[in-house]
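A.B. asks: Pasting the sequence and the predicted model now:
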Amino acid sequence: MITKSFDADVPTTMYEILENNGVIENPFFAENESIYNELSNISCSFNRNFNISKTDLNEDIIELCFEGLDTLSTVYINEIQVASTDNMHRKYIFSIKQYLEEGLNTISVKFESPVKNMNKKFERKPIWNSEYSMKGHTYLRKSHTQFGWDWGPQLPDMGIWRPVYLKFYSFAKIEDYYVKQKHIQDGKKVNLDIDIKFKILQPNKNLLAIIKIRDENDNILHTNMVAVNNEVLTTHFTIDQPNLWWPNNLGNQYLYNVSIILRQDEIQLDLKEFKVGLRTLIVDKSPLDIGTNFAFVINGVEFFAMGANFIPQDALVSRGENKEKITRLLVDCKMANYNCIRVWGGGTYPSTHFYNECDRLGLVVWQDMMFACGIYEMSEQFTKSITNEIEYNIKRFRNHTSLCMICGNNEMEGAFVNSQEWGIERTSKMDKDYLELFEKIIPDILEKYNPETQYWPSSPSSTGGFNNPDNEAVGDVHYWGVFHNNEHYKEFRKHYIRFASEYGMESLPDMKTIKQFTRTEDRRFLSSVMDYHNKVIKPYGGNIKILSNIALEFKIPQNLDELLYISQVFQAETIKIAVEHFRSNRDRCKGSTYWQVNDNYPVISWSSIDYYGRWKALHYVAKRFYSPVILASHEIGLDCQLCLCNETKYTFNSLIKAEIRDINSNIIKSLEKEVSANAFSAKNVLKLSISDLVDRNGAEENIYMSLNMYNRKEREYFVSYKLLDDRAQIISSGTQLFTPHKYFKFKEANISAIRGSNDRQLLIKTNVFSKSIMLTTLSEDVLFDDNCFDLLPGEIKEINIVKGIFKFEDLKIYSV
Ligand code: BMA
């Protein structure tokens with residue numbers, strides 16, 4: 001047996017340590033993953049010495065707290081076994097005073113190979129999980145994506161992935177708290193009940209709890225002082241004229257500060273501080289003419305949910321805990337006008353920092369429990385393990401203002417119902433286990449610890465019990481006809497999905513990102529490294545799917561650079577078509593969370609922001625299609641239908657200016673119309689037609705229009721449109737073609753960028769109509785305030801630099 005040891009600071013994990021010490025190369029580079037995934041067959045241990053003083057030993061209790069151990073570990077203090085663990089998704093607290101000595105002590109945490117462990121179980125009894133991950137991993141309560149996913153590497157790691165610390169205390173401590181709110185008198189008053197749980201070691205010690213509520217500026221609004229005679233107490237507050245909390249773009253994210261102090265005489269024993277927003281937040285599921293509703297309702301107001309799916313931030317889990325990276329991603333979501341985010345169920349439960357940021361930024365959270373695309377074999381030990389896990393996480397999330405809904409799992413109900421398609425041999429024992437876990441154990445725990453938060457059994461689902469989970473009029477739907485089932489990307493328009501919780505299109509990341517995982521010779525599309533970094537394997541590889549998808553709209557690009565740009569434009573266009581359709585039909589559709597916002601390693605995937613935080617075209621375009629007020633456009637044959645979507649609380653009065661133009665951008669026809677849209681509404685406001693300019697000569701109407709295009713006049717006309725508010729500011733704008741881009745008679749463009757009124761501003765001009773102009777930088781990372789936009793000759797587009805150091809020589813401009 002070879003043993004090696006390295007110095008490391010925890011939290012960290014085996015792969016990170018080996019990489020940091022130069023034992024292995026970056027496992028994300030090229031095809032290194034295939035060399036290093038075998039390392040998960042070894043076992044490893046984390047050891048250190050620590051000092052304990054006499055004063056420390058005078059405390060009644062000394063607890064060793066692990067916020068995350070990944071996964072199968074045994075903990076030793078001074079070589080005596082203290083405990084063992086089997087679940088990375090929960091906190092472990094061990095009382096260890098009896099093992100400690102004054103002076104030097106040792107701690108050792110030994111990890112067993114997860115792969116060896118699950119292999120043994122799998123050999124004994126094979127169990128189904130999706131083909132993208134290693135077999136048998138659902139036997140372990142460990143992040144499923146560590147075993148591989150259709151966007152992530154197979155690197156099952158081991159280690160101390162969240163903080164570890166000692167907690168010393170005597171007499172008593174605050175164990176937990178739970179804030180419950182009741183909004184009364186039409187929201188003019190909020191009754192707050194705070195349940196507090198204490199651990200009291202020695203009763204009758206003059207324990208006092210002081211609970212303070214402060215406003216945003218830390219002015220004290222209310223103070224309650226309560227004698228602590230029991231381990232549980234409830235303290236009550238009434239907040240008059242409350243400042244309510246709203247999701248992003250619907251109002252402020254007002255957060256009150258709460259502190260709970262536990263005192264014995266004049267000594268402070270414990271302190272908990274947190275923020276709370278006052279709001280009601282539910283999912284309305286009442287019956288509608290067609291099916292049932294599935295809409296988020298904040299403070300009594302139903303709104304259209306707009307966001308994306310969130311996956312773990314890093315394939316190496318402790319690195320994914322980086323607070324700056326989490327904040328940056330969530331700020332980027334807010335910048336793209338998201339008002340919600342779905343935490344998808346195959347990774348890890350997000351950190352408390354993630355939730356604090358969602359509260360602060362106004363991102364409503366749809367929280368999956370961590371079960372996805374696999375069968376779970378219920379046993380006494382498994383039930384115990386997941387019960388602890390669910391209880392711990394629900395208690396951790398329940399005080400967060402942004403939490404809207406708990407969902408049991410990802411895609412399992414659908415997998416059972418469509419078991420043949422999924423390759424599952426469904427048995428009655430499997431059905432029983434499924435129902436026990438997702439329709440009994442989890443909802444019961446939620447009901448016990450957080451009854452205000454609603455439960456949804458699976459995503460997608462139509463209320464559970466294996467009852468047609470793919471019903472488009474009830475509950476949520478994962479629509480994968482486009483991409484996985486090779487449908488044309490405009491097929492979205494045929495579906496009125498109540499809540500589109502997953503759908504997507506892949507694209508390549510920025511060239512800077514590609515360079516970070518390839519050698520020069522690998523930078524060809526379909527090279528083995530490029531294929532290795534697209535994890536979709538069925539029925540064709542993901543890169544082939546990208547090629548065939550973009551071929552619907554674009555000429556096949558000449559080089560990798562162009563290809564990555566076109567793939568991003570196509571992805572953005574696809575999701576824009578879907579979202580504009582969903583928003584235009586807001587009476588039937590109530591939300592969209594596209595697949596997926598982020599990546600867990602450098603990969604070709606559905607993300608709108610890549611692993612290194614670089615925005616793809618989709619994220620910029622999302623900023624526009626998720627804006628509160630948009631003019632959505634839609635071509636129907638030779639007509640262009642404009643729909644005004646208003647997702648604000650106010651009536652919106654506006655002016656629409658639209659033109660039919662020829663390829664030289666000459667105006668053939670122009671229209672102006674004053675329109676007003678009620679709060680939370682969508683209506684068709686203007687139709688422009690090129691039918692009198694185009695003689696179809698009896699040719700059959702075909703939305704894809706790929707036949708007999710050469711002589712068709714629709715290749716020469718387009719519509720440009722603008723929505724202006726009452727101060728004549730452009731709120732939304734765009735252009736609409738009537739043919740696929742590849743057939744439109746675009747003219748050779750000369751696009752220029754010059755410095756604007758300050759050195760953080762660029763002015764962009766073009767000599768001809770140019771679509772999807774994309775600014776990128778070759779070496780420095782720069783974030784622009786807008787990108788991937790259309791431009792007409794004579795127009796000047798102002799682009800501001802939001803982040804990064806910009807140099808003109810670093811700029812590269814693409815257009816279609
Ligand atoms: C859905 C998700 C993921 C998957 C994605 C893309 O099915 O729930 O499991 O990564 O689609 O295929």
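C.D. replies: Yep, it's here.
A.B. asks: what's the neighbour count on Gln381?
C.D. replies: If you count neighbours by other C-beta atoms under 10 Å, Gln381 ends up with 9. C-betas here are computed from N, CA, C, even on glycine.
A.B. asks: Might you list the low-confidence residue ranges for the protein?
C.D. replies: Regions of the chain meeting the criterion pLDDT under 70 cover residues 1-2, 696-711.
A.B. asks: so what secondary structure elements neighbour the longest helix along it?
C.D. replies: What stands out as the longest helix in the chain, according to DSSP state H, is helix 560-584. Counting contacts by 3 or more C-beta pairs under 8 Å, 6 or more residues apart in numbering; DSSP states H and E, helix 560-584 packs against helix 511-517, helix 542-550, strand 591-594, helix 617-625, strand 629-636, strand 639-646, strand 681-689, strand 770-777.
A.B. asks: Dump the ones you listed into JSON lines; add mean neighbour count and distance to Ala415 as well.
C.D. replies: Below are these laid out as JSON lines (neighbours: other C-beta atoms under 10 Å; distance: least, C-beta to C-beta, whole Å):
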{"stretch": "helix 511-517", "mean neighbour count": "19", "distance to Ala415": "31"}
{"stretch": "helix 542-550", "mean neighbour count": "20", "distance to Ala415": "21"}
{"stretch": "strand 591-594", "mean neighbour count": "26", "distance to Ala415": "20"}
{"stretch": "helix 617-625", "mean neighbour count": "25", "distance to Ala415": "28"}
{"stretch": "strand 629-636", "mean neighbour count": "21", "distance to Ala415": "34"}
{"stretch": "strand 639-646", "mean neighbour count": "22", "distance to Ala415": "34"}
{"stretch": "strand 681-689", "mean neighbour count": "17", "distance to Ala415": "34"}
{"stretch": "strand 770-777", "mean neighbour count": "22", "distance to Ala415": "37"}
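A.B. asks: Take these and write them to TSV, including distance to Ile751.
C.D. replies: Output for the helices and strands packed on helix 560-584, formatted as TSV (distance: least, C-beta to C-beta, whole Å):
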stretch	distance to Ile751
helix 511-517	19
helix 542-550	21
strand 591-594	29
helix 617-625	16
strand 629-636	23
strand 639-646	25
strand 681-689	26
strand 770-777	6
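A.B. asks: how about the strands of the stretch 151-300 of the chain, start to end?
C.D. replies: With strands called from DSSP state E, counting those that start in this stretch, the stretch 151-300 of the chain shows them at 152-154, 159-160, 164-169, 172-184, 189-200, 207-214, 220-227, 232-240, 256-264, 267-276, 281-284, 295-298.
A.B. asks: Please name whichever of those strands is nearest to the ligand.
C.D. replies: The closest of those to the ligand is strand 152-154. By C-beta to the nearest ligand atom, the value is 8.3 Å.
A.B. asks: residues in contact with that closest one?
C.D. replies: Residues outside strand 152-154 that contact it (C-beta atoms under 8 Å, 6 or more residues apart in numbering): 27-28, 33, 37, 133-134, 145-148, 311-312, 315, 535, 600-601, 603.
A.B. asks: How about stretch 424-442?
C.D. replies: By C-beta under 8 Å, 6+ apart, stretch 424-442 touches 128, 369, 371, 375-378, 383, 386-387, 390, 406, 408-409, 412-413, 415-416, 419, 455, 457-458, 464-466.
A.B. asks: nearest to the ligand, of the helices and strands packed on helix 560-584?
C.D. replies: Among the helices and strands packed on helix 560-584, helix 542-550 sits nearest to the ligand (C-beta to the nearest ligand atom), with 9.2 Å.
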